[in-house]
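*Asks:* requesting a structural model of the entry that follows:
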Amino acid sequence: MAGDLVLLTGATGHLGFRTLRTALEHGYNVRAAVRSEAKAELVRSNPVLKAINKDDQLSFVIVPDFIEPGAFDEVVKDVKYIIHVASPIPMKAAGDDFEKFFIQPAVQGTLGVFESARKSGTVKRIVVTSSVVAIVPPKLWFFDKIVDEVFNAESRQPEMEGPFEVLQVAYIASKVAALNRAEAWIKQEKPDFDVIHVYPSFILGRDDMADSTKAFQTGTNAVPLNIALGTADPKTQKACDRARPSALYPNSYNNVNDCAKVHVLALDPKVEGNQGFIVSSTGMDGMTWKEANRIVAKHFPDAVKDGRLPNTGGYETIVCKVDSSKTEETFGVKFTNFEASVVSVVGHYLEVLDKESKGQQTNGH
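*Replies:* Below is the predicted model:
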């Protein structure tokens, strides 16, 4: 309920920041766990956050290593709810030790939050950001084969064994392992709190933490943007060859506003705990990634004409069917469509590009 204290992880990320803003706007007091004071200042000084004027509801705590045993023991004190968004994403992978980068933080980070919450004696609910990749067979993310089965929030997949040579496969494995082990922990430990998992697909929409054109390449906004920029080549996959073994993308997306809203609304005790909610297009609505070209041409004709948006890229689309009706019915949310999501991403990119261009001109003088 409004006024209750929420511990939030991942506030410096695309979804995490929007979830922070949404929680504050819903009246919650938020304690944001970040890895350094510099990270806290990035969030604190963000102009969008400053504009909503909620400083009295927000505080920060420094947790340098999220997977260290007991890392959250102190910061969960007096906390009623936790929203655990933080988890490694493919676009930010460093090095080739995928097991270390993905599996360990996803699993140990989640279970560490659970352990600390149990010790607190005050936590009533934890909302965890999972992914649709945790509940859909991995083959559907890479191979252009029609599968008639429709997957829902109760679908589960077996854990995958490493070593992992492909970055995206390691990411999927981390999400599957984190979900399965979290549920096994809950079943065995029977804590006083309950858990809700949220299963987003590709998260699209304005990223208020992206303050440079380069920053647009560190998240899933890069998928439609690179179509507009002409760097998404379905034949060579130049833009993302390290992340995926093929030039195929599933027709699964959601808008960051919708995803953040579901995370916050899921805190309501009226929503039954220990269940999950999909935040994604259904895969049955005919959406394809090639639609992005039409959308860009329609909404940004000048940028296409002058070359800022060549609009020559494209990805082949895989049909991945999921049932997200329970989410819409439970929370009264009508998911934002693909066109509005692409316009949000590309429009924001052009804003940032314009600022960078003006800054270069100023520096040139």
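
*Asks:* just give the nearest non-adjacent residue to Tyr28, would you?
*Replies:* With C-beta to C-beta, 6 or more residues apart in numbering as the criterion, Tyr28 has its nearest non-adjacent residue at 4.8 Å, and that residue is Val6. The way it works is simple: take the backbone N, C-alpha and C, and place the C-beta from them, glycine included.

*Asks:* are we agreed that that neighbour is in a helix?
*Replies:* No: counting by DSSP: H, G, I helix; E, B strand; the rest coil, Val6 is not part of a helix but strand.

*Asks:* what's near enough to touch it?
*Replies:* Shown in contact with Val6 (C-beta atoms under 8 Å, 6 or more residues apart in numbering): Ala23, Tyr28, Asn29, Val30, Arg31, Val79, Lys80, Tyr81, Ile82, Ile83, Leu267.

*Asks:* hmm, 6 Å instead?
*Replies:* By C-beta atoms under 6 Å, 6 or more residues apart in numbering, the residues touching Val6 are Ala23, Tyr28, Val30, Tyr81.

*Asks:* let me have these in CSV, extended by distance to Leu167 and secondary structure.
*Replies:* Listed next are the contacts of Val6 as CSV, based on distance: C-beta to C-beta, whole Å; DSSP: H, G, I helix; E, B strand; the rest coil:
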residue, distance to Leu167, secondary structure
Ala23, 31, helix
Tyr28, 35, coil
Val30, 32, strand
Tyr81, 33, strand
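
*Asks:* quick one: the helices in the stretch 1-150 of the chain?
*Replies:* Taking DSSP state H, counting those that start in this stretch to define them, one finds helices in the stretch 1-150 of the chain at 14-25, 37-44, 47-52, 98, 104-120.

*Asks:* most tightly packed of these?
*Replies:* Of all the helices of the stretch 1-150 of the chain, helix 14-25 has the most neighbours on average by mean count of other C-beta atoms under 10 Å, namely a mean of 25.

*Asks:* counting by contacts, list what it packs against.
*Replies:* Counting contacts by 3 or more C-beta pairs under 6 Å, 6 or more residues apart in numbering; DSSP states H and E, helix 14-25 packs against strand 29-34, helix 256-265.

*Asks:* make TSV out of those and add distance to Phe300.
*Replies:* Formatted as TSV, the helices and strands packed on helix 14-25 follow (distance: least, C-beta to C-beta, whole Å):
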stretch	distance to Phe300
strand 29-34	34
helix 256-265	20
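
*Asks:* okay, those in TSV with mean pLDDT next?
*Replies:* TSV is the format used below for those (pLDDT from 0 to 100):
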stretch	mean pLDDT
strand 29-34	98
helix 256-265	98
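
*Asks:* hmm, His348 is touching Leu204, no?
*Replies:* No: the criterion here is C-beta atoms under 6 Å, and His348 misses it with Leu204 at 10.8 Å.

*Asks:* who has more neighbours, those two?
*Replies:* Between His348 and Leu204, counted using other C-beta atoms under 10 Å, the more crowded position is Leu204 (26 against 18).

*Asks:* quick one: buried residues of stretch 320-335?
*Replies:* Using 16 or more other C-beta atoms under 10 Å as the test for burial, stretch 320-335 gives Cys320, Lys321, Val322, Asp323, Ser324, Thr327, Glu328, Thr330, Phe331, Val333, Phe335.

*Asks:* out of these, who's nearest His14?
*Replies:* Set against His14, the nearest of the buried residues of stretch 320-335 by C-beta to C-beta is Phe335 (17.1 Å).

*Asks:* ok, of the helices of the stretch 1-150 of the chain, where does mean pLDDT dip lowest?
*Replies:* When the helices of the stretch 1-150 of the chain are ranked by mean pLDDT, helix 98 comes last with a mean of 79.

*Asks:* list the helices and strands that helix packs on?
*Replies:* Counting by 3+ C-beta pairs under 6 Å, 6+ apart, helix 98 packs on no helix or strand.

*Asks:* what sits up against that helix?
*Replies:* Phe164, Ala170.

*Asks:* in this structure, what helix or strand scores lowest on average pLDDT?
*Replies:* For the chain, the helix or strand with the lowest mean confidence is helix 98, at a mean of 79 (criterion: mean pLDDT, DSSP states H and E).

*Asks:* with adjacent residues omitted, what lies nearest to Glu189?
*Replies:* Closest residue to Glu189 apart from its sequence neighbours, by C-beta to C-beta, 6+ apart: Arg118 at 6.9 Å.

*Asks:* all set now, cheers.
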